[in-house]
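In: Fold the following.
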Amino acid sequence: QTNTPYPATMHLTGFLESKGFDVHQRDLSIKVVRDILVEYGDETTEELLEFLGGPAPLEAKREASEVIDALAIWIRDNVDPDFGFSRYAEHLCRAVDDFGELERKIRRRGVIDKPLERHLKAAMDEVKPTVVGVTCPFPGTLVGAFKIARYVKRHYPGVRLLLGGGYVSTELREMTDRRPYKYFDEFQYDEGYGGLEVKVKGEGEQRKERNSAVRRKPSPSPDDIPAFVKPSYRGIDWNEYFDVVETDNFVANLWNSGKWVKLVMARGCYWHKCAFCDVVLPYIGCFKMPNPVDIVDAMESFACPCQLDSLSQLNLPRFHFVDEAMPPKVIKGMCEEIVRRKLKVEWWGNIRFDAAFTPELCRLMAKAGCIAVTGGLECANDRLLKLMNKGITLASAEKVLKAFKAAKIFVHAYLMYDFPTETKAEQKGAERYVKDLAKRGLVQSCFWHRFALTVHSPIAKDPEKFGIIVRKPRRTKRVFARNELEYAYGEES
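Out: Down below sits the predicted model:
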């Protein structure tokens, strides 16, 4: 995303500041992508980026977005094939089990290196940190993260380097390869609040075990994970972010347009039973609900211009809840508090199409500023919803969709194809069903994802139940990343 900062460092900064640590954060990614676009664009590029970062209506930004998008494609095709707006060398990092292959990409000079090193040096010289933490949420951020570590190791010896984020927590849990430790001193799994506090204090540091595999970090207990953390945006320049408007669809544009303060309403997922999900990992399984008052306190504080500096340019405080699934009970309490305080806010976030979203709750959500929700209909087929233990039926979900429509809250649906045992007829039926939902105004946008079998999912633990056989990973002495598994249907193996 180029329109708003990824929330990991803001939440970690807010948490560590609350514990009395001197913490600084920088979003190097937005600085780098702007520099690259300006370098390879023409005299109008910087002006276009300023326009896209401003308050103009989305319709007016379509043409400028197309110009910037075309420039990014030209850079990819003519300068660096790994370049992308929000990802770098993603095609490699999605399936890299050999660190040697990744290391060659880290060492190769690409379009991001010069601006990355320039901004990194400026930050290091200004802050003079003793510990540097890097977040790696997705495959497309992996090469950049290791390039940061390589530069810091070379030019600032003695600084401890930590790598965390969603990619680390899901892909690197089985890592036995020692080579990544040439770059990072430690790897932080899961949300990192308690673990990072210990690391920054310097407590519990273990000596490197030269003759053994990677040392393991125990998963945090639920008590180590705060119920709610107010993020800190100190060090973030909102003027650097810009929209990329790819469609006239309002809901589809929520992800890549507008400046949103990202909050996490509750830890984990209150359902945590879906067969395709990483239910055994703490980011899903360690569920903890906060006091709704704490959430609204944070929202109200961000309404003050002094909190977010340039965010005050917005007409309304705007919030995106990035939960796995916002709990209806917490939503209700939050909305009641927003209405009681007469706050004028806009917000949206991810839900389950749970029967708890009654017409009454949906009307309350709309009154409290909710403009849209996103949620999974998955394969849009009752047999498969039951098989994956989704906890909903098409009939129950449709009641929820009707309640949101009546409340004038927009809906985006996540969908899935190639789920184990799904037939072509069921896929076609799902397509027809979703088109009918759209025709009736029950969903405003949707996106189909290919099913991926992950090592931490219930399906991987009991593949026979789903009619598949998991293929054994390629034998290697040194494991780097491992998450998605290859599989075959019983008759194919």
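In: Relative to Ile371, how far out is the closest residue to Gly349 other than its chain neighbours?
Out: The shortest distance from Gly349 to any non-neighbouring residue, by Cβ to Cβ, 6 or more residues apart in numbering, is to Phe321 (3.0 Å). C-beta: built from backbone N, CA, C; applies to glycine. Per Cβ to Cβ, to the nearest Å, Phe321 is found 12 Å from Ile371.
In: And Arg432, by the same measure?
Out: The gap separating Arg432 from Ile371 is 28 Å, by Cβ to Cβ.
In: Which one's more surrounded, those two?
Out: Shown here are Arg432 and Ile371; by other Cβ atoms under 10 Å, Ile371 has more neighbours (17 against 11).
In: what sits against that one?
Out: By Cβ atoms under 8 Å, 6 or more residues apart in numbering, the contact set of Ile371 is Glu346, Trp347, Trp348, Ile409, Phe410.
In: Would you list the phi and psi of it?
Out: Phi and psi for Ile371, reported as degrees, to the nearest 10, are phi -110, psi -20.
In: Look at it and report its pLDDT.
Out: pLDDT for Ile371: 98.
In: And for the one 3 residues further on?
Out: pLDDT for Thr374: 98.
In: before we move on, what about the one 5 residues further on?
Out: Cys379 is assigned a pLDDT of 98 by the prediction.
In: the strands in the stretch 201-350 of the chain, which residues?
Out: 261-263, 318-321, 346-351 (DSSP state E, counting those that start in this stretch).
In: Correct me if wrong: Ile236 contacts Pro5.
Out: Yes: counting by Cβ atoms under 8 Å, Ile236 touches Pro5, with 5.5 Å between them.
In: correct me, but Val339 touches Lys367?
Out: Yes: Val339 is within contact range of Lys367, at 5.8 Å (criterion: Cβ under 8 Å).
In: Lys147 versus Arg104, what's the distance?
Out: Distance from Arg104 to Lys147, by Cβ to Cβ: 13 Å.
In: And these two? Which one has more around it.
Out: Taking other Cβ under 10 Å, Arg104 and Lys147 do not tie; Lys147 has more neighbours (24 against 11).
In: Could I get the strands of the stretch 201-350 of the chain in TSV, plus columns for mean neighbour count?
Out: Listed next are those as TSV, based on neighbours: other Cβ atoms under 10 Å:
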stretch	mean neighbour count
strand 261-263	22
strand 318-321	21
strand 346-351	22
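In: Export those strands as a markdown table, with columns for distance to Thr135 and mean pLDDT.
Out: Compiled in a markdown table, the strands of the stretch 201-350 of the chain are given as follows (distance: least, Cβ to Cβ, whole Å; pLDDT from 0 to 100):
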| stretch | distance to Thr135 | mean pLDDT |
| --- | --- | --- |
| strand 261-263 | 13 | 96 |
| strand 318-321 | 17 | 96 |
| strand 346-351 | 20 | 97 |
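In: Now render these as CSV, adding distance to Ala275.
Out: Compiled in CSV, the strands of the stretch 201-350 of the chain are given as follows (distance: least, Cβ to Cβ, whole Å):
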stretch, distance to Ala275
strand 261-263, 28
strand 318-321, 25
strand 346-351, 19
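In: I'd like to know which of those strands lies nearest to Phe184.
Out: Nearest of these to Phe184, taken as Cβ to Cβ: strand 261-263 at 25.2 Å.
In: Between Phe321 and Ile371, which contacts overlap?
Out: In contact with both Phe321 and Ile371: Trp347, Trp348, using Cβ under 8 Å, 6+ apart.
In: Give me the contacts around stretch 29-46.
Out: Residues external to stretch 29-46 that are found in contact with it (Cβ under 8 Å, 6+ apart): 2, 5-6, 48-49, 67-68, 71-72, 74-75, 79, 83, 85-86, 111-112, 115-116, 118-119, 141, 144, 240-242.
In: picking that back up, touching both of Ile236 and Pro5, which residues are there?
Out: Asp27.
In: What number of residues are in the vicinity of Met124?
Out: 17.
In: Are we agreed that it is in a strand?
Out: No: Met124 is assigned helix when assessed by DSSP: H, G, I helix; E, B strand; the rest coil, not a strand.
In: residue contacts, it?
Out: By Cβ under 8 Å, 6+ apart, the contact list for Met124 reads Val132, Val152, His155, Tyr156, Val159.
In: Among those, which one lies nearest to Tyr167?
Out: Tyr167 lies nearest to Val132 out of the contacts of Met124, by Cβ to Cβ, at 17.4 Å.
In: related to what we said a few turns ago, which among the contacts of stretch 29-46 end up buried?
Out: Burial by neighbour count, judged by 16 or more other Cβ atoms under 10 Å, picks out 2, 5-6, 48-49, 68, 71-72, 75, 83, 85-86, 111-112, 115-116, 119, 141, 144, 240-242 from the contacts of stretch 29-46.
In: Which residues are in contact with Phe21?
Out: Neighbour list for Phe21: Glu197, Val200 [criterion: Cβ under 8 Å, 6+ apart].
In: now it, what's its secondary structure?
Out: Following three-state DSSP, Phe21 is assigned to coil.
In: ok, now how distant is it from Glu197?
Out: To Glu197, Phe21 is 8 Å away according to Cβ to Cβ.
In: on that earlier part again, I figured the residue nearest to Gly349 was touching Trp347, is that so?
Out: Yes: if you go by Cβ under 8 Å, Phe321 and Trp347 touch, sitting 6.5 Å apart.
In: Now for the two: what residues contact both?
Out: Counting by Cβ under 8 Å, 6+ apart, Phe321 and Trp347 have no common neighbour.
In: For the helix or strand that contains Leu384, report the contacting residues that lie outside it.
Out: Using DSSP states H and E, Leu384 sits within helix 382-387. With Cβ under 8 Å, 6+ apart as the test, helix 382-387 has contacts from Ala275, Glu378, Cys379, Ile392, Thr393, Leu394, Phe419, Thr421, Glu422, Glu426, Phe466.
In: which of the residues you listed sit farthest apart?
Out: Maximum pairwise distance among those (Cβ to Cβ): 20.2 Å, between Leu394 and Phe466.
In: who's more crowded, the two?
Out: Ranked by neighbour count (other Cβ under 10 Å), Leu394 and Phe466 place Phe466 first, with 19 against 16.
In: ok, that one - contacts?
Out: Contacts of Phe466 (Cβ under 8 Å, 6+ apart): Ala275, Leu387, Pro420, Thr421, Ile459.
In: Recalculate using a threshold of 10 Å.
Out: Contacts here follow Cβ atoms under 10 Å, 6 or more residues apart in numbering; on that basis Phe466 touches 275-276, 387-388, 419-421, 453, 458-460, 487, 489.
In: Could you do Glu66 as well?
Out: Counted by Cβ under 10 Å, 6+ apart, Glu66 has contacts Val244, Val245, Glu246.
In: Tell me how far Thr358 lies from Ile392.
Out: 14 Å.
In: Among these two, which residue is more densely surrounded?
Out: More neighbours surround Ile392 than the other of Thr358 and Ile392, with 21 against 15 (other Cβ under 10 Å).
In: any idea how far the more buried one is from Ile148?
Out: Ile392 is 42 Å from Ile148, by Cβ to Cβ.
In: and what of His155?
Out: Counting by Cβ to Cβ, the gap from His155 to Ile148 is 11 Å.
In: correct me, but Asp354 touches Ala397?
Out: Yes: using Cβ atoms under 10 Å, Asp354 makes contact with Ala397 at a distance of 8.9 Å.
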